[in-house]
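> Sequence plus the predicted model coming up.
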Amino acid sequence: MRKILSLVSRTGVSMPRHSLTGPICAAIVSLAIAAPAHAEDEVPYWVSLRADEANMRVGPSEAYPIEWVYQRAGLPLKVVRKMSGWRLVEDPDGARGWIVSRFLSLERSAIVTGEEPSAIRAEPSSGASLLWRAEPGVVVTLGDCKSGWCKVTIGEKSGWMDEGSLWGDGEP
C-alpha cells in the first residue's frame, strides 16, 4: 500500500490517506497491476544513440569526468541501470558508463560483429540468395528476428542476417 501512495503523491494528487479505501483503492491497485510494462520500465533493455555526439561519464552527473565521447548516431547500447535522467549503458565492446537519457532512443539497432564481412540474404536462410555483405562495425536498423535470423536495414537496402553476426539483437 505504501508504494501506491507514493505513486499517487508523485503525480501531484493530494489525498488524505483515509480516502484511499474501498472502491478507490481497488481501482488504483487494479490499474497498477494491469498497466502494461514499457520497454524502458525494466532493465536491461536495448537503446540506440540518438545524437551524433554523446558523452559517456563515469557517474550519473555532469560533474563526473567524461570517459568516452561517442560520435555515431544509431549505435546500439544496452541499458543496465537507470538513475534520474541518466542511464548506465554498456557498449558493444563491453565498456560501461553513464549517458543522459535524452541522447538515447528506443529505436532498435545492431552492429555487425566478427572478423569478416557478414552475409545479408534475401530470406531468413543460409541457402537464400546473397544480396550483399556488411563489414564488421556497420550499424544496421533492426527489424523482426526469428529462428536465428534478423531483418536488417542499411540505408534503403534491407535483408536478413544471421543473429550470430550481430550485437544488439535478442534479449539484453
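Good, I have the coordinates.
> Please make it C-alpha for all contacts and neighbour counts, starting now.
Fine.
> what about this structure, any weak spots by pLDDT?
For the chain, the stretches flagged by pLDDT under 70 are 1-40.
> Would you map the helices across it?
Secondary structure of the chain (DSSP state H): helices at 2-10, 22-34.
> Show me the domain layout of the protein.
When the chain is parsed with automatic domain parsing, its domains come out as 2-34, 45-107, 110-167.
> Make TSV from those and add mean neighbour count to it.
Formatted as TSV, these follow (neighbours: other C-alpha atoms under 10 Å):
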stretch	mean neighbour count
domain 2-34	11
domain 45-107	18
domain 110-167	18
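> Count the residues that sit near the nearest residue to residue 80 once chain neighbours are set aside.
Nearest non-adjacent residue to residue 80, counting by C-alpha to C-alpha, 6 or more residues apart in numbering: residue 44, 4.6 Å away. Residue 44: 18 surrounding residues under other C-alpha atoms under 10 Å.
> what sits against the nearest residue to residue 100 once chain neighbours are set aside?
The shortest distance from residue 100 to any non-neighbouring residue, by C-alpha to C-alpha, 6+ apart, is to residue 86 (4.5 Å). When contacts are counted by C-alpha atoms under 8 Å, 6 or more residues apart in numbering, residue 86 touches 60, 61, 98, 99, 100, 101.
> Determine which two of those are furthest apart.
Spatially, the most separated pair among these is 61 and 101, at 11.5 Å (C-alpha to C-alpha).
> Do a quick rundown of the strands in the chain.
Assigned strands in the chain, in chain order: 45-49, 54-57, 66-70, 76-83, 86-90, 96-100, 104-105, 109-112, 118-121, 130-134, 139-146, 149-154, 157-162, 166-167 (criterion: DSSP state E).
> now the end-to-end length of stretch 72-81.
Criterion C-alpha to C-alpha, to the nearest Å; first-to-last residue distance in stretch 72-81 is 22 Å.
> Give me the residues contacting it.
Identification of contacts with stretch 72-81 by C-alpha under 8 Å, 6+ apart yields 43-53, 87-92, 108-111, 139, 141, 167-168, 172.
> how far is that stretch from where the chain is centred?
Offset of stretch 72-81 from its chain centre (C-alpha atoms, centre = their mean, to the nearest Å): 6 Å.
> heads up, I number from 28, so please use that
Sure, I'll start numbering at 28, so the last one becomes stretch 99-108.
> Sweet, I'm off.
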